[in-house]
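1. predicted model and sequence below, questions to follow.
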Amino acid sequence: MKKILLYLWQLPQNLLALFYRMIFRTGEPVGVVGTGVKIYNWKLQGVGVSLGNSVFVSYRNSLSTIRHEYGHTRQSVVLGPLYLVLGVIGALWFILYKLFLKKLGVDYKWFFMESMADRLGANAEVWFHNHIPITSVRANPNIFKYHYYI
């Protein structure tokens, strides 16, 4: 019952995650992070996205990026539908940062949602195929070649 209520509380994010999976053809999850959040591989390098109970990352992303995205999933649990509103602001922040703010020396973590995501996901365990914990995705990019069925 608790899982159903949580799914409904995050329904907009979960529906958008399903849409992402269809559009980006991510296939089955390649792993899990933290409390069972599913990790999907996608081809957009340098960009991670968290929606509901799903994290979308490229095999080129670091372990800290996966943990950071997991932090956003924890924000989603607390904020429910409001998470998408703040997520749009966060996406705009990302664009502004990449286009202008980085050149001005502004720290990306200045936006509170980003620094909070780092704190919330800092110690999350990340598991890939055969329940093997990893310390670095970059150390073994082949992990994304295996499909981990949850």
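-> Right, received. Where do you want to start?

2. report pLDDT for the residue sitting furthest away from the middle of the chain.
-> Going by Cα atoms, centre = their mean, the residue of the chain most distant from its centre is residue 104, 26.7 Å out. You'll see residue 104 listed with a pLDDT of 84.

3. a strand runs through it, doesn't it?
-> No: counting by DSSP: H, G, I helix; E, B strand; the rest coil, residue 104 is not found in a strand; it is coil.

4. distance check, it against residue 111.
-> Distance from residue 104 to residue 111, counting by Cβ to Cβ, to the nearest Å: 14 Å. C-betas here are computed from N, CA, C, even on glycine.

5. among the helices and strands of this protein, which has the poorest mean pLDDT?
-> strand 132-133 (a mean of 46; mean pLDDT, DSSP states H and E).

6. for this protein, longest helix please?
-> Longest helix in the chain by number of residues, with DSSP state H as the criterion: helix 63-79.

7. who's in contact with the nearest residue to residue 60 once chain neighbours are set aside?
-> Nearest residue to residue 60, sequence neighbours excluded (Cβ to Cβ, 6 or more residues apart in numbering): residue 45, at 5.0 Å. Residue 45 is in contact with 58, 60-61, counting by Cβ atoms under 8 Å, 6 or more residues apart in numbering.

8. please pick the buried ones from these.
-> In the contacts of residue 45, burial by neighbour count holds for 58, 61, counting by 16 or more other Cβ atoms under 10 Å.

9. looking at the contacts of residue 45, which are in strands?
-> Among the contacts of residue 45, DSSP state E puts none in strands.

10. ok, back up a step: the residue nearest to residue 60 and residue 59, how far apart?
-> 9 Å.

11. how far does stretch 95-109 sit from the chain's center?
-> Its chain's C-alpha centre and that of stretch 95-109 lie 21 Å apart, by Cα atoms, centre = their mean, to the nearest Å.

12. run the chain-centre distance for the longest helix of the chain.
-> Helix 63-79 sits 6 Å away from the centroid of its parent chain (Cα atoms, centre = their mean).

13. what comes up buried for that helix?
-> Under 16+ other Cβ under 10 Å, the buried positions of helix 63-79 are 63, 65-77, 79.

14. which strand or helix spans residue 4?
-> According to DSSP states H and E, residue 4 maps onto helix 2-9.

15. that helix vs helix 63-79, what angle?
-> On the basis of axes from the mean of the first three to the mean of the last three Cα atoms, to 10 degrees, helix 2-9 is oriented at 90 degrees to helix 63-79.
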